[in-house]
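Colleague: pasted the sequence and its predicted model underneath.
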Amino acid sequence: MQTVGYVRDLPGSADHTLYAQRERLRSWGRSTNSPLVAVFQDESNTDDRPGLRTLWAGVSEFDVVVVDHLDVLSANLITQELIVERLESVGVAVVAASAPALGNVEPPSRAALREVVRNVVSAQDALSELLAPRGDLERPPMFLEIVAEEPAGLDSESAV
């Protein structure tokens with residue numbers, strides 16, 4: 001199993017420096033016997049994320065992405081869940097090395113939001129599948145022809 005890490009600079013806390021995150025990921029790798037084969041990083045908290053783009057470009061080469069905590073993926077919960085969902089959709093697990101201890105779970109509102117996002121993504125996938133072109137249709141119909149029935153007792157020759 002190939003495991004990679006992802007770290008991102010999160011301003012405002014010495015505990016979330018790139019160095020501190022990398023060390024926690026390495027420690028997690030040693031404790032789980034899952035050494036990291038690579039660590040991708042983004043140095044600023046902006047929309048420019050070359051490390052994340054590079055990770056995605058090589059996604060077929062590994063099985064697990066470990067982050068210090070999910071906020072590294074994005075501060076926005078919806079974006080976090082979309083990133084996790086996209087990675088999982090191609091068979092890559094996402095692990096938070098500093099996951100909450102047992103009994104110290106996510107607030108219900110955060111868990112509920114994650115569930116809503118997963119349901120929306122699932123519904124989008126189902127709709128995409130439903131609307132995808134099928135090989136069994138030679139040419140999909142562009143419209144349906146509606147034919148009105150003639151009233152009983154009239155034929156087309158007598159109706160003028």
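Modeller: The structure has been received and is ready for your questions.
Colleague: wait, a helix at E149?
Modeller: No - counting by DSSP: H, G, I helix; E, B strand; the rest coil, E149 falls outside a helix, being coil.
Colleague: what stretches of the protein score poorly on pLDDT?
Modeller: Scanning the chain for pLDDT under 70 picks out the ranges 45-46, 99-107, 134-147, 151-160.
Colleague: where do the strands sit along it?
Modeller: Remark: strands assigned in the chain by DSSP state E are 3-8, 36-42, 64-67, 93-96.
Colleague: buried ones in the first one?
Modeller: The neighbour-count check on strand 3-8 (16 or more other C-beta atoms under 10 Å) flags 3-8 as buried. Just so you know, the C-beta spots here come from the backbone N, C-alpha and C atoms, and that holds for glycine as well.
Colleague: same for it, what does it pack against?
Modeller: Secondary-structure packing of strand 3-8 (3 or more C-beta pairs under 8 Å, 6 or more residues apart in numbering; DSSP states H and E): helix 18-31, strand 36-42, helix 50-57, strand 64-67.
Colleague: which residues does A97 contact?
Modeller: Residues near A97 by C-beta atoms under 8 Å, 6 or more residues apart in numbering: 24-25, 27-28, 66-69.
Colleague: and which of these is nearest P50?
Modeller: Closest approach to P50 among those (C-beta to C-beta): V67, at 16.5 Å.
Colleague: what bridges to the closest residue to that closest one other than its chain neighbours?
Modeller: Nearest residue to V67 in three dimensions, chain neighbours excluded: Y6, at 5.2 Å (C-beta to C-beta, 6 or more residues apart in numbering). Taking DSSP bridges, one finds F40, V67 as the beta-bridge partners of Y6.
Colleague: sorry, back to before: relative to V94, which of the helices and strands packed on strand 3-8 is closest?
Modeller: Minimum separation from V94 across the helices and strands packed on strand 3-8 (C-beta to C-beta) falls at strand 64-67, 5.2 Å.
Colleague: which of the contacts of A97 count as buried?
Modeller: Buried members of the contacts of A97, counted by 16+ other C-beta under 10 Å: 24-25, 28, 66-69.
Colleague: adding distance to V120, write those residues out as CSV.
Modeller: Shown next, in CSV, are the buried ones among the contacts of A97 (distance: C-beta to C-beta, whole Å):
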residue, distance to V120
R24, 31
L25, 30
W28, 30
V66, 26
V67, 22
D68, 27
H69, 23
